[in-house]
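Engineer: below: sequence and its predicted model.
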Amino acid sequence: MSATTLGARIAAPAARAPFWPSGWAAGLAWIGTAALISLWPDADDLGRSWELAVLAAGFGAAIQAGAIAATLPALAPRLAPLRAAGPWLLVLALALTAWELVTAKLDWLPRPFFAAPQSILEVFTDDYARLGESVWRSVLLVVPGYALGASIGFLFGVAMGWSRLVGYWAHPVVRLIGPLPATAWLPIAFFAFTSSRGASTFLIALASFFPVTVLTWSGVSAVSKSYYDVARTMGATPWFLVRKVAVPAAMPSVFVGLFVGLGASFSVLVVAEMMGVKAGLGWYMQWAQGWAAYANMYAALLVLALMCSSAVTLLFRLRDHLLSWQKGLVRW
Amino acid sequence: MVNGARLEVRGVSHAFALEKRALPVLEDIDFTAEPGEFVALLGPSGCGKSTLLRLVAGLEPPTEGRLLVDGREITGTDPSRTIMFQDPTLFPWRTVRGNAQIGPEARGTLRADAGRIDDALSLVGLSAFAEALPHQLSGGMAQRASLARALVNQPRVLMLDEPLGKLDSLTRLAMQRELVALWEREGFTALLVTHDVEEALLLADRVLVLSDRPARIRADIRVEQQRPRRRDHPGLVARREEILGLLGLAEAT
Ligand SMILES: Nc1ncnc2c1ncn2[C@@H]1O[C@H](COP(=O)(O)OP(=O)(O)O)[C@@H](O)[C@H]1O
Ligand SMILES: [Mg+2]
């Protein structure tokens, strides 16, 4: 290929950024959804329909602006990630329309159990204080518990993988106790600890402890002997071998443990909040269910999903940063 | 300039336990490498060459016999006896520079040895790749990185386990020249494992020809030619025929 055609090929996208059809379609779909919500009267007396319509319209207008901006050469590269989301934005608008139709507009689904979109919006606008408080209390409970369990599990796993003696004594115990779901300890924990907070922290720590221990242990055990040989011939102390050979080599496995442990921690968090701790998102959901306030329950569920997903995202970011030396990491 | 160490291998035999049976690998190996001598170990694959280097490095004790450095028994590893392993075994989580500095880091001499690390990297031609990760290197580059990692420790005995095996023939020639220059400058005692007769003759003062497993010393051949050597020198060609004969590979002429 000659230099001129190569140059022309590289220059082409900047000269005329291509039209973004799914962006246009998504923008129009969101504006259409807004029109449907505001113009078609609700089957029953629901709050926040107007606000929902305004939100949908604003969202649609933003996408539309994005679709126009995406054709400008100066902005096109920065809007590339948005471009990839086009089909999703379109499908979300259609899904919201369908949901709106079968609940608020046509009333096809039995209502206390199936909440309309505006009812969930209403929870956020009217009960944000209690919801926010619940999120905060959940975070305050799960973070220390997880951090405690993961750190102890990490140290324990390294010790088991490194020391034959520790492995000998710890292995049968971990094998017997480990697979037991942490929630099985619930009655004992609430009896043994004076505060429900202490009991829950213990249970969450236990839930993350086991997977982190086992995967750290197996990671350290699997480290190739030749890495140790290399370091030993150059004067490495045992402490150096642990810190600079065993641990970095085991890190990919440790992160699998941290990921599994995070899921287990969230599961225990919700149960503990429902059973003992009278605060947090788990408690909020149970409280909402008791009052047949299903919209509140769904709202709390959505918040919980966002919370867990953010935590996993954070963990994967950390992993991507620390394990950037690995090839072919799974993107989250 | 470091002084090479005198290495004595006295009646060393070694066996591995393989499925409850003893697998003899070395049999009555006995030789002395003078300080600063360049000794090549030449033998068929699987005969026990790498095992002998592991014993000299102190990674394992011999089943029988003694190994001495400057008259003192080898009881464990020491940075003055470094191996460049057959497999580069770079730490994949460290950059090339990070790998090269493992020795100084392990001994807490990182600051004092910073210059040596740069020198070693430029010597093996990897200065531009100092920040590259092992998975970004070719096989030959990885081996050069592993050579740099060994050199940084200023070894008095440097063991090279088929160091040029993964290099293309052009790089190989250049690296052979570099190795000799390095050895002349640094003065370490060199133990080079190879299965390339010509390479042994081009580089070494002495070639120990090993038998099939269990390895015994079949011949101890002195190479007197001045360096730099030419591979077509009549003396070397004659030596080559002699060694090939010993290995049962004499070319019909
Ligand atoms: N750790 C070990 N356990 C059992 N057998 C081994 C071990 N290391 C090497 N061997 C065996 O010893 C023999 C010699 O190996 P090695 O010294 O690596 O040969 P070379 O380097 O000459 O190719 C081989 O048959 C190999 O299978
Ligand atoms: Mg070998």
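Structural biologist: Looks like it came in fine. Numbering: from 1, shown residues only, chains lettered A, B, ... in the order given. Ligands and ions are numbered 1, 2, ... in the order given.

Engineer: mind listing what A:Ala34 touches?
Structural biologist: By CB atoms under 8 Å, 6 or more residues apart in numbering or on different chains, A:Ala34 lies in contact with A:53-57, A:60. In this view, the C-beta of every residue, glycine as well, is placed from N, C-alpha and C.

Engineer: for B:Ala190, same thing?
Structural biologist: B:Ala190 sits next to B:4, B:37-39, B:157-160, B:183, B:204 when contact means CB under 8 Å, 6+ apart.

Engineer: repeat the analysis, applying 7 Å as the threshold.
Structural biologist: The contact partners of B:Ala190, taken as CB atoms under 7 Å, 6 or more residues apart in numbering or on different chains, are B:38-39, B:158, B:160, B:183.

Engineer: again, but for B:Pro44
Structural biologist: Here B:Pro44 is in contact with B:195, B:212 (CB under 7 Å, 6+ apart).

Engineer: returning to that earlier point: as TSV, the contacts of A:Ala34 with distance to chain B, pLDDT and neighbour count would be great.
Structural biologist: Listed next are these as TSV, based on distance: CB to the nearest CB, whole Å; pLDDT from 0 to 100; neighbours: other CB atoms under 10 Å in any protein chain shown:
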residue	distance to chain B	pLDDT	neighbour count
A:Ala53	53	91	19
A:Val54	51	93	14
A:Leu55	46	94	17
A:Ala56	47	94	25
A:Ala57	49	94	18
A:Gly60	45	93	22
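
Engineer: next step: the residues you listed restricted to helices.
Structural biologist: A:53-57, A:60 (DSSP state H).

Engineer: switch these over to TSV; also include distance to ligand 2.
Structural biologist: Putting these into TSV (distance: CB to the ion, whole Å) gives the following:
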residue	distance to ligand 2
A:Ala53	75
A:Val54	74
A:Leu55	69
A:Ala56	70
A:Ala57	73
A:Gly60	68
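
Engineer: looking at the residues you listed, which is nearest A:Phe255?
Structural biologist: A:Phe255 lies nearest to A:Leu55 out of those, by CB to CB, at 37.6 Å.

Engineer: and for that closest one, nearest residue in space, chain neighbours not counted?
Structural biologist: A:Leu121 (7.4 Å; CB to CB, 6 or more residues apart in numbering or on different chains).

Engineer: give the contact list for the one you found.
Structural biologist: A:Leu121 sits next to A:48, A:51-52 when contact means CB under 7 Å, 6+ apart.

Engineer: neighbour-wise, which of these leads?
Structural biologist: Within the contacts of A:Leu121, most neighbours by other CB atoms under 10 Å in any protein chain shown means A:Leu52, with 25 neighbours.

Engineer: thought A:Pro117 was touching that one, still the case?
Structural biologist: Yes - in this structure, A:Leu52 is within contact of A:Pro117 by CB atoms under 7 Å, at 5.9 Å.

Engineer: mind giving me the domain ranges of the chain?
Structural biologist: Just going to use chain A. A:15-109, A:128-325 (automatic domain parsing).

Engineer: actually chain B
Structural biologist: According to automatic domain parsing, the domains of chain B span B:1-80+B:157-253, B:91-154.

Engineer: quote the end-to-end distance of the shortest one.
Structural biologist: Its start and end residues considered, domain B:91-154 measures 20 Å (CA to CA, to the nearest Å).

Engineer: roughly how far is that domain from the heart of the chain?
Structural biologist: Its chain's average C-alpha position is 18 Å from that of domain B:91-154, according to CA atoms, centre = their mean, to the nearest Å.

Engineer: do the same with the longest one
Structural biologist: The offset between the C-alpha centroid of domain B:1-80+B:157-253 and the centroid of the whole chain comes to 7 Å, using CA atoms, centre = their mean.

Engineer: quick one: is that domain near ligand 2?
Structural biologist: Yes - on the criterion CB under 5 Å from the ion, domain B:1-80+B:157-253 is in touch with ligand 2 at B:Ser50.

Engineer: ok, back up a step: would you turn the domains of chain A into JSON lines with distance to B:Pro214?
Structural biologist: JSON lines is the format used below for the domains of chain A (distance: least, CB to CB, whole Å):
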{"stretch": "domain A:15-109", "distance to B:Pro214": "63"}
{"stretch": "domain A:128-325", "distance to B:Pro214": "22"}
